[in-house]
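# with the input below, show me the fold.
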Amino acid sequence: MSKKIRNHGNRANSSRSKPVRRIRTRRLDPWELVWGQPYIDCETLAAAIEDDLQYTPDPDFRTRLLVRDAARALKSYWGPRRFARWLTDSPVKNRIHKIIEEKLGPPGFHHLRRRLVSNVGSNDIRQIFSLLGERVRDSIDVYIAGSIPTLIQGLTARPTDGIDIVNEVPAQIRKQGDLLKRIQAEYGLTLGHVQSHYLPANWQQRRRFLGDFGGLHVFLVDVVDIFVSKLSSKQEKHKQDLRVLAKNLNQDDIKSRLLGDGKPFLDNPFLRPQIEENWRFVFQEPFVAEASGEIPTSQSDETKKKNGKKKPK
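This is a model prediction of the structure:
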């Protein structure tokens, strides 16, 4: 069997039928963005304003003040032309115009502008790998970890300048030096790597398919795996990532993953103290392991099936 056919077979259980896009599964709440987050993605803030006004026919004074201050921050960040285009296309443009013109007094949200960022999106990542994949003749699987998976799914907003590929950047990508320089100049991103031993076991079983780009088949590492991998970090930026990510993930899912495929991290006496410290900070409660003998729910279904099929001796 050829390598190409074998690789495609391995992807059969990897959510290939569900390409990752910025699909919103719930209404965006502007209050969730402006409170407790160091960075605010400008596109997300604009969409949150629209969502809130569409579903709130009679916003109170504080909400109107937020809409006005957010609109001013977006105009300052984008510039008048980009802001005007957004407003023209907005389904609630008339309501935004009316609120902007209201005499609401001094600003109520003073630091919105300095927290606005323009983050990389899934289309940017697809464009980058489309360029790289044009020159790749073999069939190569690429797994993206780090900040990119959480950024393009709208779960975090801290800017990044790197695309972290698990284990190593493939040779057929590394040799495209001129193109990599162009990508850095045009997208502000460089390609680096992160070793797979920093991820929970069986992380490949939970990967999400991003797309095929020439010979490159690109996947995103699961966001819970990324959360667990950062729990042992001492870096302040990772602690803030954990804090923001925790707002969008299920704590029970995180704990199950940590007790299951992340257990080697807990068993490491050098890592466990930092894991417990970060857990206490993020969730404001101590980390308490489950009773001995329990099977964590993060254990793969295949493992459970094998355990269930064991015959008594």
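# mind listing what's buried along the longest helix anywhere in the chain?
In the chain, taking DSSP state H as the definition, the longest helix is helix 61-78. Counting neighbours by 16 or more other C-beta atoms under 10 Å, one finds that the buried residues in helix 61-78 are 63-75, 77-78. Bear in mind the C-beta positions are built from the backbone N, C-alpha and C, glycine included.
# out of those, who's nearest Val194?
Tyr77 (31.0 Å; C-beta to C-beta).
# farthest pair in the buried residues of helix 61-78?
Pairwise distances across the buried residues of helix 61-78 peak at 21.8 Å for Thr63 and Trp78 (criterion: C-beta to C-beta).
# what sits against the most centrally placed residue in the chain?
Residue closest to the mean C-alpha point of the chain, counted by C-alpha atoms, centre = their mean, is Thr150 at 0.6 Å. With contact set as C-beta atoms under 8 Å, 6 or more residues apart in numbering, Thr150 has these partners: Thr156, Val223, Ile226, Asp241, Leu245.
# please list all residues in contact with Leu66.
Taking C-beta under 8 Å, 6+ apart as the definition of contact, the neighbours of Leu66 are Pro30, Trp31, Val34, Gly108, Phe109.
# any idea how far it is from Ile152?
26 Å (C-beta to C-beta, to the nearest Å).
# same question, Lys175
Distance from Lys175 to Ile152, counting by C-beta to C-beta: 26 Å.
# looking at those two, which one has more neighbours?
A count of neighbours by other C-beta atoms under 10 Å puts Ile152 above the other of Lys175 and Ile152, at 23 against 11.
# distance of that one from Val136?
Between Ile152 and Val136 the distance is 21 Å, computed by C-beta to C-beta.
# Ile125 looks like it's in a helix, true?
Yes - following the definition DSSP: H, G, I helix; E, B strand; the rest coil, Ile125 is counted among the residues of a helix.
# I'd like the average pLDDT over the longest helix of the chain.
Across helix 61-78, the average pLDDT comes to 93.
# for it, list the C-alpha coordinates in PDB.
Only the C-alpha atoms of helix 61-78 are listed here, as PDB (Å, rounded to 0.1, in the frame of the first residue of the first chain):
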ATOM      1  CA  PHE A  61     -27.800  53.000  29.300                       C
ATOM      2  CA  ARG A  62     -24.800  51.000  30.300                       C
ATOM      3  CA  THR A  63     -25.100  48.800  27.100                       C
ATOM      4  CA  ARG A  64     -25.500  51.900  24.900                       C
ATOM      5  CA  LEU A  65     -22.400  53.400  26.500                       C
ATOM      6  CA  LEU A  66     -20.500  50.200  25.800                       C
ATOM      7  CA  VAL A  67     -21.700  50.200  22.100                       C
ATOM      8  CA  ARG A  68     -20.600  53.800  21.700                       C
ATOM      9  CA  ASP A  69     -17.200  53.400  23.300                       C
ATOM     10  CA  ALA A  70     -16.600  50.200  21.400                       C
ATOM     11  CA  ALA A  71     -17.600  51.800  18.100                       C
ATOM     12  CA  ARG A  72     -15.200  54.700  18.800                       C
ATOM     13  CA  ALA A  73     -12.400  52.300  19.600                       C
ATOM     14  CA  LEU A  74     -13.000  50.300  16.400                       C
ATOM     15  CA  LYS A  75     -13.000  53.500  14.300                       C
ATOM     16  CA  SER A  76      -9.700  54.500  15.900                       C
ATOM     17  CA  TYR A  77      -8.200  51.100  15.400                       C
ATOM     18  CA  TRP A  78      -9.400  50.400  11.800                       C
END
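# and the angle from the following helix or strand past that helix to helix 61-78?
Toward the C-terminal end, the helix or strand that comes next after helix 61-78 (DSSP states H and E) is helix 80-89. When axes from the mean of the first three to the mean of the last three C-alpha atoms, to 10 degrees is applied, the directions of helix 80-89 and helix 61-78 differ by 130 degrees.
# can you name the next helix or strand after helix 80-89?
Scanning the chain past helix 80-89 towards its C-terminal end, the next helix or strand to appear is helix 93-101 (assignment: DSSP H and E).
# got the angle between that following helix and helix 80-89?
For helix 93-101 against helix 80-89, the angle by the same axes, to 10 degrees is 130 degrees.
# buried stuff in helix 93-101?
Arg95, Ile96, Ile99.
# make a markdown table from these and add pLDDT to it.
Below are these laid out as a markdown table (pLDDT from 0 to 100):
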| residue | pLDDT |
| --- | --- |
| Arg95 | 92 |
| Ile96 | 93 |
| Ile99 | 93 |
